[in-house]
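Student: could you work out the structure for the sequence below:
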Amino acid sequence: MFSANRSKRCNVPIYQSVKPFLKCLGGKTRLLPELINLLPKQITKYAEPFAGGTALYWWLANNHWDELEKAVLNDSNKDFITTYMAVRHEYSKLVDALNFLVPEYLALEQNQRKEYYYSIRTQYNNRKINWSTVTRATHTIFLNHTGFNGLHRVNSKGLYNTPFGRYTNPHIFDSVQLDINYRLLQKAEITCGDFEEIESKIDAGYLVYFDPPYRPISDTANFASYTAEKFGDADQVRLAKCTDV
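Tutor: Numbers count the residues shown, from 1 in each chain. Coordinates of the predicted model:
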């Protein structure tokens, strides 16, 4: 699973493969080789105002662990951030919950899986119930990998409305990979909010990677429904001003 070329002073080895545990439309896993070529040789501080699936952070933390002093991972999607927090702080409880839910789901026939999916989705949208962080994270990971095309979509009320995905053998979670993610999150401060809110947490020494929601190219190709507060043209302009150097 990992090579032995990490220095002895580091308690995290270089893993051969580190993958996002959340699927995110527009994720950058396939573009990593191009992004890596643009990085500076030394990175001590790192920030992602639009974390999403954090594909670049996983590579960065894995390959620059010794020199990486700290990182800030931020997103406006509360469910994604809740899930990252659960992985970082309540990893064992989260794995136990997933190890109960996933086999239960996979043992069902396809029509039963559909009913199960919508049952979880209904619970997920029941704001009257004060779910624990672990339960919320468990449901987020489950829905993320069993919903249509890995799409995390909500309506104007913030209710998750992604339909059921008809996967024959969905890969919902891998305990070995999630353990790697857990270890690599230990240097990250995880925050939830608007991208401008992390400005006070970073300085000139940070490498900041901006990967905002795409601007829709048509009315039907609208991928900005990632949160109830859509990321529109005014936000794109605000971001442009914020990054203007």
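
Student: and the spatially most central residue of the chain, its phi and psi?
Tutor: For the chain, the residue nearest the mean C-alpha position is residue 53 (3.3 Å; Cα atoms, centre = their mean). In this entry, residue 53 is assigned phi and psi values of phi -90, psi -10 (degrees, to the nearest 10).

Student: residue 18 now?
Tutor: The phi/psi pair for residue 18 (degrees, to the nearest 10) reads phi -130, psi 120.

Student: grab the nearest non-local neighbour of it.
Tutor: residue 58 (4.3 Å; Cβ to Cβ, 6 or more residues apart in numbering). C-beta: built from backbone N, CA, C; applies to glycine.

Student: where does this structure dip in pLDDT?
Tutor: 1-13, 128, 216-229, 243-245 (pLDDT under 70).

Student: what's near enough to touch the residue nearest to residue 18?
Tutor: Neighbouring residues of residue 58 by Cβ atoms under 8 Å, 6 or more residues apart in numbering: 18, 19, 20, 181, 184.

Student: can you map out the strands along this protein?
Tutor: Remark: strands assigned in the chain by DSSP state E are 2-3, 14-15, 45-48, 70-75, 188-192, 206-208.

Student: tabulate the CA atom coordinates of the longest one in CSV.
Tutor: What it means is strand 70-75. The C-alpha trace of strand 70-75 is given here as CSV (Å, rounded to 0.1, in the frame of the first residue of the first chain):
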residue,chain,number,x,y,z
LYS,A,70,-0.7,23.4,7.8
ALA,A,71,-3.6,23.6,5.4
VAL,A,72,-7.0,25.1,5.3
LEU,A,73,-9.8,23.3,3.6
ASN,A,74,-13.0,25.3,3.2
ASP,A,75,-16.3,24.8,1.5
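
Student: what helices or strands is that strand leaning on?
Tutor: strand 45-48, helix 55-63, helix 78-89, strand 188-192 (3 or more Cβ pairs under 8 Å, 6 or more residues apart in numbering; DSSP states H and E).

Student: turn the ones you listed into JSON lines, including distance to residue 120.
Tutor: Formatted as JSON lines, those follow (distance: least, Cβ to Cβ, whole Å):
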{"stretch": "strand 45-48", "distance to residue 120": "28"}
{"stretch": "helix 55-63", "distance to residue 120": "26"}
{"stretch": "helix 78-89", "distance to residue 120": "13"}
{"stretch": "strand 188-192", "distance to residue 120": "22"}
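
Student: do you know which of the ones you listed lies nearest residue 105?
Tutor: Evaluated over the helices and strands packed on strand 70-75, closeness to residue 105 peaks at helix 78-89, with 17.6 Å, by Cβ to Cβ.

Student: ok, residues contacting that closest one?
Tutor: By Cβ under 8 Å, 6+ apart, helix 78-89 touches 21-22, 24, 51-52, 54, 73-75, 93-94, 133-134, 136-138, 140-141, 152, 160, 178, 181-182, 185-186, 188, 190-192, 227.

Student: now it: buried residues?
Tutor: Within helix 78-89, the residues that count as buried by 16 or more other Cβ atoms under 10 Å are 79, 80, 81, 82, 83, 84, 85, 86, 87, 88.

Student: distance from it to the middle of the chain?
Tutor: The chain centre lies 8 Å from the centre of helix 78-89; the measure is Cα atoms, centre = their mean, to the nearest Å.

Student: then stretch 184-193?
Tutor: Distance, centroid of stretch 184-193 to centroid of chain: 11 Å (Cα atoms, centre = their mean).

Student: tell me the span between the first and last residue of it.
Tutor: Distance across stretch 184-193, first residue to last, is 22 Å (Cα to Cα, to the nearest Å).

Student: change the start of the numbering to 561 and stick with it
Tutor: In the new count, where the first residue is 561, that last one comes out as stretch 744-753.

Student: pull the residues that contact that stretch.
Tutor: Contacts of stretch 744-753 (Cβ under 8 Å, 6+ apart): 572, 578, 617-618, 621-622, 625, 628-638, 641-642, 644-645, 647-648, 757-758, 761.
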